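Trainee: What follows is a predicted protein model with its sequence.
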Amino acid sequence: MDDAQNVTLPTIAMLGAGSMGRAILSGLLAPGVQVAGIRVTNRSEARAAELAGTPGVTAYATETRADANRLAVDGAGVVVVAVKPAMVRDLLAEIRDSLAPGTVVVSVAAGVTAETMESLLPDTVSVVRAMPNTPAVVGKAVTGVSAGTHTDAGDLALVRALFETVGEVVEVPESQLDALSTISGSGPAYVFLLIEALTEAAVQKGFTSEQAATLVNGTFLGAADLLVSSGEDPAELRRRVTSPNGTTERAIAVLQSADLPTLFARATDAALARARELAAG
Ligand SMILES: NC(=O)C1=CN([C@@H]2O[C@H](COP(=O)(O)OP(=O)(O)OC[C@H]3O[C@@H](n4cnc5c(N)ncnc54)[C@H](OP(=O)(O)O)[C@@H]3O)[C@@H](O)[C@H]2O)C=CC1
Ligand SMILES: O=C(O)[C@@H]1CCC=N1
């Protein structure tokens, strides 16, 4: 985050203001982040109008302005594509003639390859793929980035600086980006699912919803903080909770009978298969 605060980002055009687009915007709007300008587009007018009220943001809706996306990218240094994967191809065809040479087009869309995007855009444009996650809203995203064919070190540094406004950035070859997405892109959903399940168990044991949320959310936050701040192995930290012949040991035995590693391998394989379907269009 510190690096991001030392760089002045060029004008950014954010195409799509859904969960991800707005999460990234929250980083760009954070105190200390210097950005030449922010333009946002969305399909519906209601959300565009809401964003237009934010100081420093110009917003357009495609519902009311057919040229909204072309207008937003005109003169922008970085264009962030944050629409659904199925819409990316049409969107790129729509903006291609409005992109200045040297523009960096960053897509956060799952599955859609750089090769596909490059085939729809002029060679003078640099395509980068990024895979952030929703903790971006609180500045705690993990974002994978990978360079396209026409991307140079300066383009990548710019994209890094952009995503460092919302958290950490990891650079990987594009061949690994969909796999990364099955871990950290989708990962917050896995964690929330575990939280939902443990909360349900707490309520079944007679705690109120408020008490259950305090117990479960605090436990996840505390355990994650302990893991990161201690730098210790999670298996060792688990061992310290699990007294020999104690209560935790019984619970862990039940959970391990579900073969969690196999379950997570299957879940992430399924996500990867879906990314390949999205790539095929
Ligand atoms: N959600 C996540 O955790 C992550 C998502 N992604 C990727 O981010 C992308 C967006 O996902 P997400 O934010 O969840 O989806 P959303 O549906 O929340 O957002 C998509 C947004 O695009 C807008 N939109 C639709 N058509 C256009 C258009 N022609 N021009 C401009 N805006 C348009 C929609 O407007 P309206 O609602 O008015 O129709 C909507 O606000 C996807 O490609 C996904 O793969 C990547 C990493 C994580
Ligand atoms: O579910 C999806 O397709 C997107 C990509 C990663 C997280 N959300």
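Mentor: Right, received. Where do you want to start? Ligands and ions are numbered 1, 2, ... in the order given.
Trainee: What are the buried residues along stretch 87-103?
Mentor: For stretch 87-103, burial by neighbour count (16 or more other C-beta atoms under 10 Å) applies to 87, 88, 89, 91, 92, 94, 95, 98, 99, 103. Where you see a C-beta, it was placed from the backbone N, CA and C, and this is true even at glycine.
Trainee: cool, stretch 262-271 as well?
Mentor: Using 16+ other C-beta under 10 Å as the test for burial, stretch 262-271 gives 268, 271.
Trainee: Put the alpha carbons of it into CSV.
Mentor: Provided in CSV are the C-alpha atoms of stretch 262-271 (Å, rounded to 0.1, in the frame of the first residue of the first chain):
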residue,chain,number,x,y,z
THR,A,262,-9.6,-34.0,-1.2
LEU,A,263,-12.7,-31.9,-0.9
PHE,A,264,-10.8,-28.7,-1.5
ALA,A,265,-8.9,-30.3,-4.4
ARG,A,266,-12.2,-31.2,-6.0
ALA,A,267,-13.7,-27.8,-5.3
THR,A,268,-10.8,-25.9,-6.9
ASP,A,269,-10.7,-28.4,-9.8
ALA,A,270,-14.4,-27.6,-10.5
ALA,A,271,-13.7,-23.9,-10.4
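Trainee: to the chain's geometric centre, what's the distance from it?
Mentor: Distance of stretch 262-271 from the chain centroid (C-alpha atoms, centre = their mean, to the nearest Å) equals 20 Å.
Trainee: Adding pLDDT and secondary structure, write the buried residues of stretch 87-103 out as a markdown table.
Mentor: Formatted as a markdown table, these follow (pLDDT from 0 to 100; DSSP: H, G, I helix; E, B strand; the rest coil):
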| residue | pLDDT | secondary structure |
| --- | --- | --- |
| 87 | 96 | helix |
| 88 | 97 | helix |
| 89 | 97 | helix |
| 91 | 98 | helix |
| 92 | 98 | helix |
| 94 | 97 | helix |
| 95 | 98 | helix |
| 98 | 97 | helix |
| 99 | 97 | coil |
| 103 | 98 | coil |
